[in-house]
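Undergrad: Quick one: sequence and predicted model below, then my questions.
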Amino acid sequence: MNVVKEVPHETGNALGAFIEEVKKRNRHEPEFIQAVYEVSESIIPYIERHPIYKKKKILERIVEPERVIMFRVPWLNDKGEIEINRGYRIQMNSAIGPYKGGLRFHPSVNLSILKFLAFEQVFKNSLTGLPMGAGKGGADFDTKGRSDNEIMKFCQSFMTELYRHVGHDLDVPAGDIGVGGKEIGYLFGQYKRIKNEFTGVLTGKGTVYGGSMIRPEATGYGLVYFASEMLATRNDSLKGKTVVQSGSGNVAQFTIEKCIEEGAKVVTISDSDGFVYDPKGIDREKLQFIFELKNERRGRISEYAKKFDCEFFEGERPWKIKCDIAFPNATQNELDEADAQALINNGCICVAEGANMPCTTEAIHAFEKADILYGPGKAANAGGVAVSGLEMSQNSLRYAWTRKEVDERLRTS
């Protein structure tokens with residue numbers, strides 16, 4: 001369950017004064033305020049020691065989007081009825097390159113969530129070392145239960161407005177929750193039809209029309225690579241470790257695949273209905289079933305429990321399961337202080353975020369106090385946008401690297 005945590009009320013110090021000002025300017029945007037608080041808590045002490053950043057109002061600039069675009073998306077469903085959704089694009093920061101960040105189609109999408117995601121994207125993109133600014137966008141449209149024709153109609157209407165605000169040297173969107181390869185294909189086709197040009201305006205495309213190898217796998221693979229590097233700092237590795245992870249979408253699927261390759265055993269998978277605990281571990285055969293269940297049939301994860309005779313915990317999260325490593329891969333604020341304490345008590349030694357801001361502030365503090373390895377999403381899940389950046393480079397070169405080349409660049413980025 002996604003619960004927004006109230007930011008601590010602090011007064012009489014630089015952090016408190018700054019956050020109070022952010023709250024005044026961004027009323028009714030709790031996710032955005034939480035994201036700003038978590039970053040500010042770390043960097044304001046540095047700014048206080050270096051007055052040049054305070055004088056130039058660097059943090060104040062970073063938290064204010066360069067541009068916020070909001071528009072209506074009318075489209076025709078299969079019953080011949082007109083439906084109206086709301087579309088957004090947050091162009092957060094272009095200091096080091098064109099805006100770069102995904103599109104999310106989900107009923108929960110609103111200004112606060114997209115601003116928090118765009119803000120996180122600023123740091124994530126800069127950490128890749130690639131020349132990419134930051135943005136985020138999407139719509140309050142739910143792809144679940146929709147026919148391919150309805151999804152196509154929606155994507156075409158969405159791009160009919162969005163095309164005015166994007167371009168390969170201006171803003172390059174990608175996919176996110178609810179926007180996979182199919183949706184990117186519909187969006188790209190409409191852009192090409194309107195603009196009459198074939199340019200790298202979107203990433204996450206099919207390989208036959210300019211997409212990069214291992215782009216779908218990149219966030220999950222990169223997350224596991226990041227966790228491996230964290231463990232290496234303590235002369236440890238993933239081999240033989242028990243892993244719990246949340247989610248069953250793109251990030252979760254390829255996190256599991258790479259964990260299998262690295263010799264770890266993943267024992268949980270979840271969706272919005274609850275989670276499955278498979279003590280024997282998810283192997284390649286079971287993972288193939290998940291691919292088919294979630295990507296083709298769009299079924300519920302409880303079907304996995306029935307097929308492989310596992311326990312399904314309805315309405316619960318997997319953090320009570322004993323493990324060595326935890327990957328929160330589902331959504332924001334899915335792991336709270338109580339969950340963090342359960343992981344710590346059960347001997348968890350490493351937590352790396354595959355989702356954006358999945359751990360509450362209190363959970364992060366608990367991990368830090370316990371001195372366990374913790375990888376924030378701004379760094380740990382940057383593999384996806386890193387390969388998106390590599391796709392942009394390939395599009396500019398009109399050249400496609402092999403799967404091995406892209407994977408090696410991801411591992412070393």
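TA: All right, it came through fine. Residues are numbered from 1 along each chain as shown.

Undergrad: Give me the residue ranges of the stretch 101-250 of the chain where confidence is low.
TA: Along the stretch 101-250 of the chain, no part satisfies pLDDT under 70.

Undergrad: which stretches of it form helices?
TA: With DSSP state H, counting those that start in this stretch, the ranges of helices along the stretch 101-250 of the chain come out as 111-127, 148-162, 181-195, 218-232, 250-262.

Undergrad: any chance of those helices in a markdown table, plus mean neighbour count and distance to E408?
TA: Every C-beta, even on glycine, is put in place using the N, C-alpha and C of the backbone. Formatted as a markdown table, those follow (neighbours: other CB atoms under 10 Å; distance: least, CB to CB, whole Å):
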| stretch | mean neighbour count | distance to E408 |
| --- | --- | --- |
| helix 111-127 | 24 | 19 |
| helix 148-162 | 20 | 33 |
| helix 181-195 | 19 | 23 |
| helix 218-232 | 23 | 11 |
| helix 250-262 | 23 | 14 |
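
Undergrad: In a markdown table: these, plus distance to N295.
TA: A markdown table is the format used below for the helices of the stretch 101-250 of the chain (distance: least, CB to CB, whole Å):
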| stretch | distance to N295 |
| --- | --- |
| helix 111-127 | 23 |
| helix 148-162 | 13 |
| helix 181-195 | 9 |
| helix 218-232 | 14 |
| helix 250-262 | 8 |
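
Undergrad: what domains does the record give for the protein?
TA: 14-62, 67-204, 218-380 (automatic domain parsing).

Undergrad: for the shortest one, how far is the first residue from the last?
TA: By that I understand domain 14-62. 17 Å (CA to CA, to the nearest Å).

Undergrad: what is the mean pLDDT for the longest strand along the chain?
TA: In the chain, taking DSSP state E as the definition, the longest strand is strand 82-93. Across strand 82-93, pLDDT averages out at 98.

Undergrad: Tell me where this protein has strands.
TA: Taking DSSP E to define them, one finds strands in the chain at 67-76, 82-93, 99-105, 134-139, 171-175, 242-245, 265-266, 268-271, 274-277, 311-314, 325-327, 350-352, 373-375.

Undergrad: by contact count, what packs against the last one?
TA: With contacts defined as 3 or more CB pairs under 8 Å, 6 or more residues apart in numbering; DSSP states H and E, the packing partners of strand 373-375 are helix 218-232, strand 350-352, helix 361-370.

Undergrad: residues in contact with Y304?
TA: When contacts are counted by CB atoms under 8 Å, 6 or more residues apart in numbering, Y304 touches 269, 276, 278, 286, 289-290, 293, 310.

Undergrad: In this model I349 seems to touch C323, though I could be wrong.
TA: No: at 9.2 Å, C323 does not count as touching I349 under the criterion of CB atoms under 8 Å.

Undergrad: who's more crowded, the two?
TA: Taking other CB atoms under 10 Å, C323 and I349 do not tie; C323 has more neighbours (25 against 19).

Undergrad: Now do the nearest residue to the more buried one once chain neighbours are set aside against G281, distance only.
TA: Of all residues not flanking C323 in the chain, V244 sits nearest, at 4.2 Å (CB to CB, 6 or more residues apart in numbering). V244 sits 11 Å away from G281, going by CB to CB, to the nearest Å.

Undergrad: out of those two, which sits in the busier spot?
TA: V244 (27 against 15).

Undergrad: Contacts only, for the more buried one.
TA: By CB under 8 Å, 6+ apart, the contact set of V244 is 266-268, 318-319, 321, 323, 325-327.

Undergrad: Among those residues, find me the one that's closest to C259.
TA: Of all the contacts of V244, V266 has the smallest distance to C259: 5.1 Å, by CB to CB.

Undergrad: Tell me how many other residues crowd that closest one.
TA: Residues near V266, counting by other CB under 10 Å, number 26.

Undergrad: repeat for G138
TA: Neighbours around G138, by other CB under 10 Å: 29.

Undergrad: got the CA coordinates for stretch 367-375 in PDB?
TA: Output in PDB follows, covering the C-alpha atoms of stretch 367-375 (Å, rounded to 0.1, in the frame of the first residue of the first chain):
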ATOM      1  CA  PHE A 367      19.100   1.200   8.000                       C
ATOM      2  CA  GLU A 368      21.700   3.800   8.700                       C
ATOM      3  CA  LYS A 369      21.600   3.300  12.500                       C
ATOM      4  CA  ALA A 370      21.900  -0.500  12.000                       C
ATOM      5  CA  ASP A 371      24.900   0.100   9.700                       C
ATOM      6  CA  ILE A 372      23.600  -2.200   6.900                       C
ATOM      7  CA  LEU A 373      24.400  -1.500   3.300                       C
ATOM      8  CA  TYR A 374      21.700   0.900   1.800                       C
ATOM      9  CA  GLY A 375      21.600   1.900  -1.900                       C
END
